[in-house]
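Undergrad: Got a sequence here, can you build the structure:
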Amino acid sequence: MRKVVLFAHISLDGFAGDVNGGLGFLTYDQELQQYAGELVKTVGAPLYGKTTYQLMEGYWPTILNDPNADKHSLEHAQWVHDIPKVVFSTTLDTAGWNNTTLVKDHVVEAVSKLKEEPGKDLVIFGSPGLAKSFMKLGLIDECKLTLHPVILGNGISLFDGNIAKSSLKLLESNTLKSGVVTLHYEVGR
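TA: Model (predicted):
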């Protein structure tokens with residue numbers, strides 16, 4: 001059975017983005033790019049909330065036609081274009097990006113069905129709102145976080161609100177040369 005994995009970059013004080021949702025705080029270097037590339041190999045379908053979906057849909061298709069795009073960006077743009085994607089939103093009417101399914105309601109049932117399909121894991125990329133909703137519903141099986149050596153003081157929190165206490169089991173951690181710590185947890189039930 002496939003797992004639902006949350007993949008997110010966070011600051012030391014738990015923010016997944018600055019007050020405007022920006023990721024300028026990331027310590028993104030070749031070593032972190034390699035980590036993210038290995039994670040991408042485990043993905044059967046990216047899961048997005050509306051905001052992240054719209055950002056991705058507006059950005060990655062443009063890379064495919066950019067003559068100045070580097071090889072890594074082109075390969076990732078092609079991967080994200082081809083792979084089945086799922087967007088969860090109660091307000092979107094359609095999801096027009098190639099190979100995208102829109103889930104508007106019956107989220108638990110839709111995720112259960114996706115998990116039963118053969119293939120690689122279902123991975124939430126960022127999407128703090130979706131991550132919080134899935135945590136409340138008990139749908140996240142694992143968290144893969146990159147903890148960046150910065151305190152933002154304010155921003156978009158990854159874990160806040162009415163999320164019940166969850167016990168996590170550390171499966172793996174690694175400290176990168178940049179000071180970023182990669183953390184892989186199993187979510188207890």
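Undergrad: When you work out contacts or count neighbours from here on, use the C-alpha atoms and nothing else.
TA: Noted.
Undergrad: so who does the closest residue to Thr94 other than its chain neighbours touch?
TA: Taking Cα to Cα, 6 or more residues apart in numbering as the measure, Thr94 lies nearest to Leu102, with 6.8 Å between them; neighbours along the chain are not counted. For Leu102, the contact set (Cα atoms under 8 Å, 6 or more residues apart in numbering) comprises Val86, Val87, Phe88, Ser89, Thr94, Ala95.
Undergrad: filter those to the buried ones?
TA: Among these, those classed as buried by neighbour count (16 or more other Cα atoms under 10 Å) are Val86, Val87, Phe88, Ser89, Ala95.
Undergrad: Quick check, central residue of this structure?
TA: By Cα atoms, centre = their mean, the mean C-alpha position of the chain lies nearest to Phe125, the distance being 1.1 Å.
Undergrad: That one contacts Val43, correct?
TA: No: the criterion here is Cα atoms under 8 Å, and Phe125 misses it with Val43 at 10.4 Å.
Undergrad: circling back to that earlier point, mind checking how far the residue nearest to Thr94 is from Asn154?
TA: 31 Å (Cα to Cα, to the nearest Å).
Undergrad: now His32: how far from Glu186?
TA: Not His; residue 32 is Leu. When distance is defined by Cα to Cα, Leu32 is 21 Å away from Glu186.
Undergrad: Also Asp93?
TA: When distance is defined by Cα to Cα, Asp93 is 34 Å away from Glu186.
Undergrad: of those two, who's got more company?
TA: Counted by other Cα atoms under 10 Å, Asp93 and Glu186 do not tie: Glu186 has more neighbours, with 17 against 9.
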